[in-house]
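> sequence? don't have it. structure:
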């Protein structure tokens, strides 16, 4: 027992040290694909502005404030795909940050309001500043300790009733869930609808809406409709199969997001 106790204490101490380092420097555990930089864009960066715009419009736009003066922070903005869409939609108080200055160069070439900056130090300097915080990178690129701290910092940086939008890998999907966790060295966890609600509620957010992130948004392509039908058939099969084991999962998309609001006492 003494050996086990010592092991637990060592583990707790290591987690505390990681958290303290993160608070001071912004450095996180992930080093190959860190959370505060965007890693999902195509090799041809310019093509991504159009394709990601379609994805964002269909999945996220309805969760943003109607007020175009809303102050919006886009974390891990990369070349500014989401920032570009926000500007096109008429939002005038937008800031994108990314720790990779090379990616930011693509954004500045388009005169997008983006700059090279780490997420945690930026949030630590902010207090009740933002109406919306949007995370381009998956939460999976943080350890659990880092995630709790990061979400708490987001809450502190948001105005009353501010909106937070995040996303991560869906561990409930029987086809992609296990592979998605294993296919990247810097993936530390996956989510289900329940666990995503759980961590957001624990860190002070309410009115949580889970977003099944739809990949099939390219409606000009006829193949898109075939994939939509197949996706729905798979979803029905998965739902029925899980019900046989007493499970109530209903979200099967490869990734799932969430839009929530800063809870007030």
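Structure received. Keep in mind that what you see is a predicted model, and the values were worked out from it rather than measured.
> what's the helix or strand for residue 120?
Using DSSP states H and E, residue 120 maps to helix 119-125.
> if we look at that helix, which residues are touching it?
22-23, 25-26, 28, 35-36, 73, 75-76, 97, 99, 149-150, 153-154, 156-157 (C-beta atoms under 8 Å, 6 or more residues apart in numbering). In short, each C-beta sits where N, CA and C put it, glycine included.
> And residue 244, how close does it get to residue 175?
Look at residue 244 and residue 175: by C-beta to C-beta, to the nearest Å, they are 18 Å apart.
> Any of the contacts of helix 119-125 buried? List them.
In those, burial by neighbour count holds for 22, 26, 28, 35-36, 73, 75-76, 97, 99, 149-150, 153-154, 157, counting by 16 or more other C-beta atoms under 10 Å.
> give the contact list for residue 189.
139, 140, 143, 144, 147, 168, 171, 181 are the contacts of residue 189 under C-beta under 8 Å, 6+ apart.
> likewise residue 111?
Taking C-beta under 8 Å, 6+ apart as the definition, residue 111 has no contacts.
> partners of the next helix or strand after the helix holding residue 120, with directions?
Moving toward the C-terminus from helix 119-125, the first helix or strand encountered (DSSP H and E) is strand 130-135. Looking at strand 130-135 with DSSP bridges, its partner strands are strand 71-75 (parallel), strand 158-169 (parallel).
> any idea of the mean pLDDT for strand 130-135?
Averaged over strand 130-135, pLDDT sits at 98.
> Quick check: which helices or strands does the next helix or strand after that strand pack against?
Proceeding N to C from strand 130-135, the next assigned helix or strand is helix 144-157, under DSSP H and E. Under the contact criterion of 3 or more C-beta pairs under 8 Å, 6 or more residues apart in numbering; DSSP states H and E, helix 144-157 touches helix 2-25, helix 119-125, strand 130-135, strand 158-169, helix 193-202.
> residues in contact with helix 144-157?
With contact meaning C-beta under 8 Å, 6+ apart, helix 144-157 is reached by 15, 18-19, 22-23, 28-29, 35, 73, 119-120, 123-124, 126-130, 133, 139, 142, 164, 166, 188-189, 199-200, 202-205, 262.
> go on, stretch 209-222?
Stretch 209-222 has contacts (C-beta under 8 Å, 6+ apart) with 51, 54-55, 57-60, 63, 167, 193, 196-197, 224-225, 227-228, 231, 251-260.
> distance between the ends of that stretch?
End-to-end distance for stretch 209-222, by C-alpha to C-alpha, to the nearest Å: 30 Å.
> May I see the buried residues of it?
Buried-residue list, stretch 209-222, by 16+ other C-beta under 10 Å: 210, 211, 212, 213, 216, 217.
> Now do the phi/psi pair for the first one.
This points to residue 210. Dihedral pair for residue 210: phi -80, psi 140, per degrees, to the nearest 10.
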